[in-house]
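Q: requesting a structural model of the entry that follows:
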Amino acid sequence: MRPFRVITLSAVITVLLVGCTPGAPPPAQKATPAPASTAAAPASDSAALASAVDTFLTGMFEHNPVFAANAGKHEFDGKLPDYSPAGLKATADWLHAQRSTFTAFADDKLDAQGRFQRDYVLAVIDGQLFWLEESGAPHNNPTWYTGDLSPSMYLTRPYAPLAQRMAAFISYQEALPKALAQIKANLGLPLPASYIDVGVNSFGGFASFFKTDVPGIFAAVKDDALQARFRASNAAAIKASQDLADWLKAQKPQATQNYALGAGKFSKMLHATERVDLPLDQLKAIGESDLKRNLAALKTACDQFAPGKSLSACVAKESADKPAGGAVEGARAQLASLRQFIVDKDLVSIPGTEQAKAEEAPPFNRWNFAYIEIPGPYERNLPSVYYIAPPDPTWSKADQQAYVPGKAALLFVSAHEVWPGHFLQFLHANRAHWKFGQLFVGYAFAEGWAHYAEEMMFDAGLEGATPEVHIGQLTNALLRDVRYLSAIGLHTGGMTIAQSEQLFRDKAFQDPGNARQQAARGTYDPAYLNYTMGKLMIMQLRQDWIAAHPGPNALKAFHDQFLSYGGPPIPLVRAQMLGGEPAAKLWMASAPAAADAMPARPSR
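A: Now for the predicted structure:
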């Protein structure tokens, strides 16, 4: 459930990995017509806007070569960004100049599509400037860098012959010690304890992965010169990664708890990255309402599944039904049936024949249970990988066993990551009519859709929508509700990590290991409220759109149109689908639901 190709902690964390096997491009989708009431403006600046967007993309590739390579621009393979103060300033200055360029496009010189595209670009720029200049992340948060540093593209994507990818990986490793030295110099001491822990685990994980796993991947390459170069780069990368992990670990005695953004910066984050400007007290109330809604539904399901037991005991009963062969094997078994259910119910179009495979997450990226890596928009016919993290071997045996979810809970993780969540959403995004929309998919759009998809699949009757299946869906929903409230609490309300961890235990019924991970994540990923926030914006948009476009196929039509835009802030999508100005509107459990807006749940 990790964010990807999104506007988040790194200026461009784009870990949707890519390759370059050529193939026929998919058919372009037609642009969704703007509402007639907003489409009258002349298009005198349309060509200039298109040229400015092309210039922006060229500059983005140059300032972040990892973004370019992950998107399929393999002339940037092996390169890393310049993380020096001068390099970061150059990127910020360029972004400010680009912002001035796009704000100069006046409303009356653009048609409705042009205004949407301008606002989409500005949202990307504002989000990146927030993380780069205002959040403090480059100077205190190791996760701001780790997306860029992931080497998975060269190791898991068959975009070129293995020897060619090996050469690119060697270039990456040769660049890594300098990048890590820049990162160390940027981090201002003392650091928050949770930031130190994630940095130690990430950079130490890199070192372990380079030493243990990578040599075997390239062992088949019979090129003595390349192998010699690899041995040298690998040794240097192992040392540099472990040295940074050790240095961070040595800072632990001086660690602080100063992770909070504060209310002002948190509100600015929401507007800069997602165009959400609701007051924090209103946002918190909406999250509390959704938590209450899902707890009530859990009580109803548990009364049938485990009558007489507490909610905690009921969830434990569901969790005890583990997937055969473990989480990875269990997920593999679920993917085909999830896809077939979408087809049988005709819930949303599947625009391609691509598939995703499930694998164990690599050691450097196990700070969250699951995530997916998906080929970028310049690539065709390459596999996507749904990664699942094993439990931390340092935990107790009981905690390790509890970390593996039950089959029903895992079913909705698989729905979230693959069908019809992230994987299907990016099948649509990679076919969006506008290249910019293919490249930039925001956090709330991506995670909101994937989380929305879980509840939508249950409502459509997935696996008979039994009480046990419902409990699996609800435990995932409660996890995201507590993330939402923890993000607000940790960064604006004085909540401690221990209090957040207890909230995950008490209200989301998380096992000890997951609760620790999730509470810590809230400190260095303050935007992880986007799962629930995005979902609730989509639910409200669906209700409003279907009320205006009723019919037997309205749900599928809504899904297909929503997914056609790429991944802008959801308020911009709302304006496109309903007309009017962009606005953040979140669904609340107390809001009256239109009859066609929410599919009827089967009796259970």
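
Q: look up which helix or strand E174 falls in, please.
A: helix 162-186 (DSSP states H and E).

Q: no no, P215
A: With elements taken from DSSP H and E, the one containing P215 is helix 214-217.

Q: what comes up buried for that helix?
A: V214 (16 or more other Cβ atoms under 10 Å). Every residue, glycine included, has its C-beta placed from N, CA and C.

Q: against which helices or strands is that helix packed?
A: helix 224-250 (3 or more Cβ pairs under 8 Å, 6 or more residues apart in numbering; DSSP states H and E).

Q: hmm, who's touching the helix or strand following the helix it packs on?
A: Where DSSP H and E defines the elements, the next helix or strand beyond helix 224-250 is helix 263-274. The set of residues external to helix 263-274 that reach it, using Cβ atoms under 8 Å, 6 or more residues apart in numbering, is 7-8, 123, 126-127, 129-131, 134-135, 261, 276-278, 280, 283, 442-444, 487-488, 491-492, 526-527, 530, 533-534, 569-571, 584.

Q: give me the pLDDT for A90.
A: Confidence at A90, expressed as pLDDT, is 98.

Q: now do the contacts for it.
A: If you count contacts by Cβ under 8 Å, 6+ apart, A90 has them with H63, D82.

Q: now A207
A: When the contact criterion is Cβ under 8 Å, 6+ apart, the partners of A207 are A237, I238, K239, S241, Q242, A245.

Q: repeat the analysis, applying 7 Å as the threshold.
A: Contacts were defined as Cβ atoms under 7 Å, 6 or more residues apart in numbering; by that measure A207 touches I238, S241, Q242, A245.

Q: the first one and T212 touch, don't they?
A: No. Shown here, I238 and T212 do not form a contact pair, counting by Cβ atoms under 7 Å, at 9.9 Å.

Q: show me which of those two is the more surrounded one.
A: Set side by side, I238 and T212 show unequal neighbour counts under other Cβ atoms under 10 Å, the larger going to I238 at 20 against 11.

Q: L382: neighbour count?
A: L382: 21 surrounding residues under other Cβ under 10 Å.

Q: correction: the previous question concerned E75.
A: Other residues near E75 come to 9 when the count uses other Cβ under 10 Å.

Q: what of the one 4 residues further on?
A: Other residues near K79 number 17, with proximity taken as other Cβ under 10 Å.

Q: my guess is it meets F67, correct?
A: No. Counting by Cβ under 7 Å, no contact exists between K79 and F67, whose distance comes to 10.6 Å.

Q: where does the stretch 101-250 of the chain have low pLDDT?
A: For the stretch 101-250 of the chain, applying pLDDT under 70 flags no range at all.

Q: repeat that for 90
A: Screening the stretch 101-250 of the chain residue by residue with the criterion pLDDT under 90, one finds the ranges 147-148, 150, 152, 155-157.

Q: looks to me like I372 is in a strand.
A: Yes. With the criterion set as DSSP: H, G, I helix; E, B strand; the rest coil, the secondary structure at I372 is a strand.

Q: surely it touches Y386?
A: Yes. With contact taken as Cβ under 7 Å, I372 and Y386 are classed as touching, separated by 4.8 Å.

Q: what is in contact with those two at once?
A: Among the neighbours of I372, those also in contact with Y386 (Cβ under 7 Å, 6+ apart) are A356, E417, V418.

Q: now, which of the residues you listed lie within strands?
A: A356 (DSSP state E).

Q: using JSON lines, lay out the shared contacts of I372 and Y386 together with pLDDT, neighbour count and distance to N476.
A: Supplementary listing: the shared contacts of I372 and Y386 in JSON lines, determined by pLDDT from 0 to 100; neighbours: other Cβ atoms under 10 Å; distance: Cβ to Cβ, whole Å:
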{"residue": "A356", "pLDDT": "94", "neighbour count": "25", "distance to N476": "18"}
{"residue": "E417", "pLDDT": "95", "neighbour count": "26", "distance to N476": "11"}
{"residue": "V418", "pLDDT": "97", "neighbour count": "27", "distance to N476": "14"}
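
Q: now the shared contacts of I372 and Y386 as a markdown table including distance to H271?
A: Conversion of the shared contacts of I372 and Y386 to a markdown table gives the following (distance: Cβ to Cβ, whole Å):
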| residue | distance to H271 |
| --- | --- |
| A356 | 33 |
| E417 | 28 |
| V418 | 31 |
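
Q: ok, the shared contacts of I372 and Y386 vs I342, which is closest?
A: Using Cβ to Cβ, V418 comes nearest to I342 of the shared contacts of I372 and Y386, at 10.5 Å.
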